[in-house]
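**Q** Pasting the sequence and the predicted coordinates here, then a few questions.
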Amino acid sequence: MNITQDQDVQPTQVQQEFLDMKFGMFVHFGINTFYDTEKSDGDLPLFNFDPLMVDTDQWCMTASNCGMKYILMSAKSLDGFCNWPSRHSNYTVAQTPYRKDILEKLIGSANKYGLKTGFSYSLWDRHMETNIRDEDAYEEFMLNQLEELMTSYGPLVELWLDGFWIRQDHGWKNDEGFAASQAKFLKSWRLEGAFRWRWDYLYGTLKKMQPDCHIFLNSTRAFLGLPLFPVDGRNAEKGIDIEINNPVWDWLGEKKYLPLQIEMTLSQKGQDEFEDGNWFWHRSDSSVAKKWRVNSWRNKAEKMNANLLLNVGPSTSGKLRPEDEKILLKIRE
């Protein structure tokens, strides 16, 4: 898992097609939206999830009009709420007054506006007691849900996975200098996280379902751009100023090129642990990144040969915040 400096290792054709998209939209929308919170414990009542509409056409039209090429939606966040009617959970959109499959709506709108699609999914599920109580049962639950996502909605360009650290007890704080902490983090991931998740098997199973889907595993903000092998790319959550960007890594005796994706959010007023910008909608938050700032993010990402995935948090109405829509539609001016 060592960094290499070999400039002869280049992206595969599928990786280059991913990098050629350059710019995408990240959408956080779920049960948290209707309780004005960034995080919850998987116990928020479902009766409040009742948008007048979920305007995926508006999301995708706005994304297309500002030059985005793909859209990624939170299928399930840490709270365990599923934006699709999963057969393996009782905490889904099907149990709400809204009832409709939001992922299916998104796919239809994305196809209409010529966008590639992907999903984010939290491995850590605060709603499921088996997360802690029964590891074997929980691993089966994860695989069943991921199979639904990978086989029910057509080709996905990306699957962005979050929340691995519930299984990792040591080595994920960057407190010993980058090089030492990085080595400790990767060792801990392989010996604890990957081992306990059976991540190698899970990754291989997902790739059999969709070989061209790029699988990312969030390495936390402490270790921006670090690959939690096996993966198809590296991510940097709010990491536009990432200092070390090494695209070529040794894995199982081979040099691998791993594209970088940087996730930023248009909200600039955060709360609690997200002080530099929210992911979900909040009634009191009308802050938004200026046009020049978004363009500077795009320029920085392009110089690093990285994709920029820009987050929006639709409101309880199911539409984009007016502030987000206005800025996004200005980007091409």
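**A** Yes, it's here.

**Q** So for residue 171, what's the nearest residue that isn't a sequence neighbour?
**A** Spatial nearest neighbour of residue 171, excluding adjacent residues (Cβ to Cβ, 6 or more residues apart in numbering): residue 188 at 3.0 Å. For every residue, glycine as well, the C-beta is placed using N, CA and C.

**Q** Sort out which residues of the helix or strand containing residue 196 are buried, please.
**A** Assigned by DSSP states H and E, residue 196 belongs to helix 195-197. Across helix 195-197, burial judged by 16 or more other Cβ atoms under 10 Å covers residue 197.

**Q** still on that earlier bit, now the residue nearest to residue 171, what's its secondary structure?
**A** helix (DSSP: H, G, I helix; E, B strand; the rest coil).

**Q** hey, C-alpha coordinates of the biggest helix by length in the chain in CSV?
**A** Counting by DSSP state H, the longest helix found in the chain is helix 135-152. Listed next in CSV are the C-alpha coordinates belonging to helix 135-152 (Å, rounded to 0.1, in the frame of the first residue of the first chain):
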residue,chain,number,x,y,z
GLU,A,135,-21.3,-8.9,12.8
ASP,A,136,-22.2,-11.8,10.5
ALA,A,137,-25.9,-10.8,10.3
TYR,A,138,-24.8,-7.2,9.7
GLU,A,139,-22.4,-8.1,6.9
GLU,A,140,-25.2,-10.0,5.2
PHE,A,141,-27.5,-7.0,5.6
MET,A,142,-24.9,-4.7,4.0
LEU,A,143,-24.4,-7.0,1.1
ASN,A,144,-28.2,-7.4,0.5
GLN,A,145,-28.7,-3.7,0.5
LEU,A,146,-25.8,-3.0,-1.8
GLU,A,147,-27.0,-5.7,-4.2
GLU,A,148,-30.3,-3.9,-4.4
LEU,A,149,-28.5,-0.6,-5.3
MET,A,150,-26.2,-2.3,-7.8
THR,A,151,-28.8,-4.4,-9.6
SER,A,152,-32.0,-2.3,-9.6
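
**Q** who does the helix or strand following that helix pair up with?
**A** Going down the chain from helix 135-152, the next helix or strand is strand 158-162, by DSSP H and E. Its sheet considered, strand 158-162 pairs with strand 116-122 (parallel), strand 214-217 (parallel) by DSSP bridges.

**Q** Give the next helix or strand downstream of the last one.
**A** By that I understand strand 214-217. Per DSSP H and E, the first helix or strand lying C-terminal to strand 214-217 is strand 234-237.

**Q** ok, now the first one?
**A** Scanning forward in sequence from strand 116-122, with DSSP H and E defining helices and strands, the next element found is helix 130-133.
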